[in-house]
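[1] 3D, please:
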Amino acid sequence: MANKKQKEKEKKKKICIAIGISAGVIIIVLIAIIASSLLSNKKYKLESDESLYVQIVKTAISIDKLNSSGSASSKACQAFKSIAKAYDKNTDWFTSSYCNGIFYADYNDTEKSSTVTLYDGNHAAIYVFDKDLDYLLEYNFVDSTSKGRSITIDN
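    Have a look, this model is predicted:
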C-alpha cells in the first residue's frame, strides 16, 4: 500500500513537472513572438516639415493629374531622401541629381495608409505612411521602369 502511494506521488510529481515545462516553453515562445513582432514593426516618426513636404508632393501629383502642371520645391523632393535614410541609413535611393529639373511620382491612399512612390524610369522608391502622415511604416527601393506623374522642380 505504501508502495502504491509512493508510485502515485511520483506520477503526480512527473505530471506537475511536465505541466511546468510545457508552461515554460509556451511562455518563452510567446515572449519570442511578441519581441519579434515589436522589432518588425519598424516605423519612423516624421518631423512636421517632412510631413508637410509629403503633403506638398501629393498635392503636386494631384495638380498634375488635373492639368499636367504639378510642381514642388527641390526641398520637398530631398525630404523624401532624408525620410528614407532616417528610416534605414543603409537604404538605397536615387542618384544625387534626382531632385533636379523634374522628378516622377504617384500616390495611392487607402483607409489606413498613404503610399507615395517616386520613380526615375529604372527604380522606384516606395513609401508607406500612416493615413495622417505622422509615420513612415515601410520603405522599399526596387527596380521599376514606371515613371508616374511628372513633377517640375521649383527652386
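
[2] which element is the residue positioned nearest the centre of the chain on?
    Of all residues in the chain, the one closest to the mean position by Cα atoms, centre = their mean is E138, 1.4 Å from it. Element membership for E138, per DSSP states H and E: strand 135-143.

[3] for the next helix or strand after that strand, packing partners?
    Using DSSP H and E, the next helix or strand after strand 135-143 towards the C-terminus is strand 149-154. Here strand 149-154 touches helix 48-67, strand 71-73, helix 74-87, strand 102-109, going by 3 or more Cβ pairs under 8 Å, 6 or more residues apart in numbering; DSSP states H and E. Just so you know, the C-beta spots here come from the backbone N, C-alpha and C atoms, and that holds for glycine as well.

[4] look up phi and psi at K131.
    phi -60, psi -30 (degrees, to the nearest 10).

[5] measure it to S51 for me?
    Distance, K131 to S51, by Cβ to Cβ, to the nearest Å: 12 Å.

[6] circling back: just so I know, which of the helices and strands packed on strand 149-154 lies nearest I21?
    helix 74-87 (41.4 Å; Cβ to Cβ).

[7] surely T91 is in contact with I83?
    No: using Cβ atoms under 8 Å, T91 is not in contact with I83, being 10.2 Å away.

[8] picking that back up, let's see the strand holding E138 as CSV, backbone CA atoms only.
    Provided in CSV are the C-alpha atoms of strand 135-143 (Å, rounded to 0.1, in the frame of the first residue of the first chain):
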residue,chain,number,x,y,z
TYR,A,135,4.8,57.9,-39.5
LEU,A,136,6.7,56.1,-42.3
LEU,A,137,5.7,52.5,-41.9
GLU,A,138,7.6,50.9,-44.7
TYR,A,139,10.2,51.9,-47.3
ASN,A,140,11.4,49.9,-50.3
PHE,A,141,13.7,50.7,-53.2
VAL,A,142,13.0,48.4,-56.2
ASP,A,143,13.7,48.0,-59.9
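
[9] next one: it to chain centre, how far?
    6 Å (Cα atoms, centre = their mean, to the nearest Å).

[10] before we move on, the earlier item: T91 and I83 - which one has more neighbours?
    I83 (23 against 14; other Cβ atoms under 10 Å).
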